[in-house]
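[1] Have a look at this prediction, sequence included:
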Amino acid sequence: MPRRREEEYDDEMEPEEDEDVEEEYEDEEEEYDGGKAGKKRRRSDFIDDLAEEDDEEEEEDDDDEDYGGGGGKRKAKKRSGSHFFELEAQVDTDEEEEEEEGEDDFIVDTGAELPDEDDEGRRMHRRPLLHREEDQEDFEALERTIHERYGRREVEYDDEATEVEQQALLPSVRDPKLWMVKCAIGREREVAVCLMQKAIDKGPELQIRSVVALDHLKNYIYIEADKEAHVKEAIKGMRNIFASAKIMLVPIKEMTDVLSVESKAVDISRDTWVRMKTGTYKGDLAKVVDVDNVRQKVTLKLIPRIDLPALAAKLEGREVPKKKNKTFNPPPRFMNMDEARELHIRVERRRDPMTGDYFENIGGMMFKDGFLYKSFSMKSISTQNIQPTFDELEKFRQPSENGDGDVASLSTLFANRKKGHFMKGDRVIVVKGDLKNLKGWVEKVEEDTVHIKPNEKGLPATLAIGDRELCKYFEPGNHVKVVAGATEGATGMVVSVEGHVVNIVSDTTKELLRVFADNIVESSEVTTGVTRIGEYELHDLVQLDDMSFGVIIRVESEAFQVLKGVPEKPEVALVRLREIKFKLDRKNNGTQDRNGNRLSVKDVVKILEGPCKGKQGPVEHIYKGILFVYDRHHLEHAGFICAKAQSCVLVGGSRANVDRNGGSLHSKFTKFGAPPRAPLSPMRSPRGGPPVNSAGRFRGGRGHDNLVGAIIKIRMGPHKGCNGIVKEVKGNALRVELEAQMRIVTGKFNRDQITDNVNVSTPFREKSRFGMGSETPVHPSRTPLRPYMTPMRDPGATPVHDGMRTPMRDRAWNPYTPMSPPRDDWEDGNPASWGSSPQYQPGSPPSRTYEAPTPGYGDAGTPRDSNPAYANAPSPYLPSTPGGQPPMTPSSAYLPGTPGGQPMTPGSGGLDMMSPVVGGDNEGPWLLPDILVNVRRPGEDGDIGVVREVLPDGSCRVALGSSGSGETITVLTNEVEVVAPRKSDKIKIMGGTHRGATGKLIGIDGTDGIVKLDITFDVKILDLDILAKLPHVKE
Amino acid sequence: MFFHIVLERNMQLHPRHFGRDLRDKLVSKLMKDVEGTCSGRHGFVVAITGIESVGKGLIRDGTGFVTFPVKYLCVVFRPFKGEILEAVVTMVNKMGFFAEAGPVQIFVSNHLIPDDMEFQSGDVPNYTTSDGSVKIQKDSEVRLKIIGTRVDATEIFCIGTIKDDFLGVISDPGSTS
């Protein structure tokens, strides 16, 4: 089709131009029609219609002419178009009015008479036109060209009307293109008119086809032309078109959009929400109460912005109601008639003849229920995309009789909701029409219709319903998320549904939120909504610019709610981002409570005075002696309470250690002569140097700030990545027992980086060697220890055993302990913590026996300098704090523990984790009776012998001779050496689970020996080191 | 609603517990770990009533901890939508009141309180009918219906209503009869 058009255009141009301009009216008309017919052969019948001017065809005829006249602008108002065209000819300003929207009214009016006018009218209109044409050839020629130009299009629109081949009508590559040209803002129409004038002046020279200025598009006009050069030529020298302006080609696909006219038929109906575009009420929400389509007026219900005194003055002064006209805009307020009367404003009560309602009339303004009822031109209101906020709607609802009507009218809100509002699977309810209150699920969403699957039986599987008739539906108990509006991002549970308003209980604040059903979606997510704007986060302590400070208790879309630091009464301020000066750091803002106890962040306090008396909770912030306490049960202000430090009293550490460690602790502290409250203070500020920086103290008074016992992760240094338990805190140094390796290391840490269960950065400087067993010089020292270790086990170890087991167990299973299991285990399995059990108290015999070996150990141990931390550790503690403490220091605690454990369960996994490691791996095999050994005494040759007996002190009696027949001597362990067995020797196993068992070495594989046990005939692979040869004789 | 069900859990046990009473240790640790916890699927674990089976332990490298798969019988409490519960009021404010049924916290919004009950602020905030015959205040016992639940990792929060037949106060501490 477009192709044909192109051809036709060329064809037609010539004959038409050839034709005599002086032709008679009929001829002209014929030619005109002929042009059409020629261009549009298929529409030949149309010519007849025209000729006959049949009534029936009148409309079509109109259409044609409309487009002929309408030209560049496709007017929706077809009927009127015909007249428009004619009138236009009459006033001989051609296209000028085409651009003018204002003409519409006019057209409409005349359009109504159209059928009557018919032939007559047409002729009458045409005649003067003809007349003029005779006078002015130019115009006729021009008009013809216009016809030519637009006539073509006419034809096509006929097509559209008759054949509905819309697709083919769309512009193609062969059609003139549409160019977008930038022009001065506000001059769009002017430019268009100028171009038109130019076209008139220059005639066909100007090769552009049309100019379009759209009202809704500022700064640009569209020019239809075949080539860009034509456009350039046309706009050359135009004042309001920027010479430099780029000429943009409108893509073919978008061409139709440029000129497609939105259905202007905005149905302003009653109860629609609109906004004012101009005047005092600009931007205000209004509700349509009456629509007068004829006069293009609407009556709106507004919240009046009336300055009563001013009004009164005016009324008094002039006695003539005058329109308000001020720069100052009074705030919207409901009209109070009594107030008005007080100001001696005359209030008349009138009955509206139309509606029968009573209105108060003040100076020509109508009021009802405090609302202003005023009539506005439709042009001064905007009806599109009105999104009333909840507050606005609330206001409208408030004074009115009953909210029902208004809530129902909320449905008009939905006229403005965005596209894609409904999603498949949404639960919806029909709010309008026959199917009102039908519930269902969205199945499919199309442009304006939504297919829903109704909930009720006996209905078709899916129903197509206009999306304006639907509303999202929620039931109480649904968990939803707010996706738009002031509370965007919040989640909560639906408590109740009132029409389109849904009440939800926020998950975080437990507050009630009122939102539109439209703005929420079902969701299982739990969020707080926004918690952060800029660098400020929820629950931050901030300094405000009026030198006050407070805690952010809520973050709204662009402001914070801040609970100010005023202890007398809770004061909440709404603060914008710029009003916050900076964040107040949580750093050491320690203060003192009523009893003089030092308070720091996270301490639990009880409030003794003020409005929140009796509340209790951890201190979140301290600033200038003001505490911000967080009480979970306090529902207001997000649980925050502001109180003076002086009106609070410390309750206890956040870990409630008092409860856990109970009376034993207290008794212990009383022994130390410390005040009962003391445990709290030192634990809180260990760095501040409590009088006795003892491990015992720390242990007892563990608090939030105290790290002892905490599981940490090392972030730096050689032990990076290791987990460990803090054993001791000394100033900036920590002693950490590594979890994976049996040792304690010391390192620095930065206190600020530490929180409860946290990873501490500890660049280690020095490590104390713990694995003393691995050190060879230590090894021999063990042997002499052994004898007296074993007996010690009875008096010492057994009570210790019980003593430690019981509390250990208690603690491990104690529901109080808010500790993670591994840490419990560690602590308890670790001898260091045993110190807290009373058995280790000074004066109690077992602990003394325990201490006894310590020096012995040290003496026996040869050169201990490789192990300074170890050897030294006990010494400072012993004198400084008599008793109690030594077992506490990990080093000293391990000391007795290790050797003590060995004799008990040598080589096998006992209760003490230390022992198997030390005994099994490092200590080497322990001698057993009957094994063959080499005795090496100083100054003597090696002599083979058979162990007869192992003495408790570690030495053994050895019968010399390969079969043990020689004399029996007593030797020390370090003087004997086990004889390594060879293949097929009889052996005795000296370590591992089979210790003591005998067998036969049936093979050797590297360092492992393959042993066949005598008793079970099992074949085992064991380390050769733990195998000892048995004397042959014995066999 | 309460259920008696079998659940399974992998228990990590410290090596020091190995010995004769390993099983006891395991059980006591299980109780400590599990009782009082809450899962979205099963609700609150109220009590462990028995051990069904203890699987083979697996030693963890590096730590020496041993993991045992333990199947245990336990009583769980899970509130359901539509369930009727009796609960004790813990707090009353103008938005409604909070009540507790065992470990479950239930909020009854003022929208879900019968319309004839009005909030009375004061020393003991309460909801009272216009004739004063029924009063909901702290420590009142109420029968309510759960209309919504929200399950977090550590708690279950419910929304309840007493705006229905046979719901409401069942015993009032204030009106000592």
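    Arrived safely. If you're wondering where the values come from, they're calculated on a predicted model, not measured in any experiment.
[2] Every contact and neighbour count from this point should use C-alpha atoms.
    Will do.
[3] okay, now the domains of the chain?
    In the absence of a named chain, this looks at chain A. A:2-169, A:177-259, A:273-397, A:537-555+A:563-652, A:661-770, A:773-922, A:932-1029 (automatic domain parsing).
[4] nope, chain B
    B:2-77, B:84-171.
[5] Flag every residue of chain B that's near chain A.
    B:14-18, B:28-29, B:32, B:62-63, B:81, B:95, B:109, B:111-112, B:147-150, B:159 (Cα under 8 Å from any Cα of the partner chain).
[6] so where's chain B uncertain?
    Along chain B, the model assigns pLDDT under 70 to residues B:153, B:172-177.
[7] can you give me the helices in it?
    B:22-34 (DSSP state H).
[8] Could you give the bridge partners of the residue of it at minimum distance from chain A?
    As assessed by Cα to the nearest Cα, chain A sits closest to B:Gly148 within chain B, at 3.6 Å. For B:Gly148, the beta-bridge partners are B:Ile159 (DSSP bridges).
[9] Number of residues surrounding it?
    25 (other Cα atoms under 10 Å in any protein chain shown).
[10] wait, isn't B:Gly62 in contact with A:Ala740?
    Yes. Under the criterion of Cα atoms under 8 Å, B:Gly62 makes contact with A:Ala740 at 6.0 Å.
[11] List the contacts of the residue in the stretch 351-500 of chain A positioned nearest to chain B.
    The minimum distance from the stretch 351-500 of chain A to chain B, using Cα to the nearest Cα, falls at A:Gly477 (3.6 Å). Contacts for A:Gly477 (Cα atoms under 8 Å, 6 or more residues apart in numbering or on different chains) come out as A:493-495, B:81, B:147-149, B:159.
[12] Let's see that with 6 Å instead.
    A:493-494, B:147-148 (Cα atoms under 6 Å, 6 or more residues apart in numbering or on different chains).
[13] For it, which non-adjacent residue is spatially closest?
    B:Gly148 (3.6 Å; Cα to Cα, 6 or more residues apart in numbering or on different chains).
[14] for stretch A:307-318, what is the average pLDDT?
    For stretch A:307-318, mean pLDDT is 71.
[15] actually stretch A:427-437, not the one I typed
    80.
[16] Equivalent analysis for stretch A:999-1008, please.
    Mean predicted lDDT for stretch A:999-1008 stands at 81.
[17] Now the strand or helix carrying A:Glu339: buried residues?
    Here A:Glu339 is covered by helix A:337-342, with elements defined by DSSP states H and E. In terms of neighbour count (16 or more other Cα atoms under 10 Å in any protein chain shown), helix A:337-342 has its buried residues at A:337, A:340.
[18] Which members of the residues of chain B next to chain A are classed as buried?
    Counted by 16+ other Cα under 10 Å, the residues of chain B next to chain A give B:14-18, B:28-29, B:32, B:95, B:109, B:111-112, B:147-150, B:159 as buried.
[19] sorry, back to before: most neighbours per residue, which of the domains of chain B?
    domain B:84-171 (a mean of 19; mean count of other Cα atoms under 10 Å in any protein chain shown).
[20] Using CSV, write down the CA coordinates of stretch A:578-587.
    What follows is stretch A:578-587, C-alpha atoms only, in CSV (Å, rounded to 0.1, in the frame of the first residue of the first chain):
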residue,chain,number,x,y,z
ARG,A,578,21.6,16.8,56.9
GLU,A,579,20.6,17.6,60.4
ILE,A,580,22.8,14.9,61.8
LYS,A,581,26.2,16.1,62.4
PHE,A,582,28.1,13.0,63.1
LYS,A,583,28.0,9.6,64.6
LEU,A,584,29.1,9.4,68.2
ASP,A,585,31.4,6.6,68.6
ARG,A,586,30.9,3.9,71.1
LYS,A,587,34.3,4.3,72.6
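[21] Which parts of that stretch count as buried, going by neighbours?
    A:580, A:582-584, A:586.
[22] Stretch A:454-461 now?
    A:454-455.
[23] Same question for stretch A:296-310.
    A:297-308.
[24] and which of the residues you listed is nearest chain B?
    For those, the nearest to chain B is A:Ile303 (28.6 Å; Cα to the nearest Cα).
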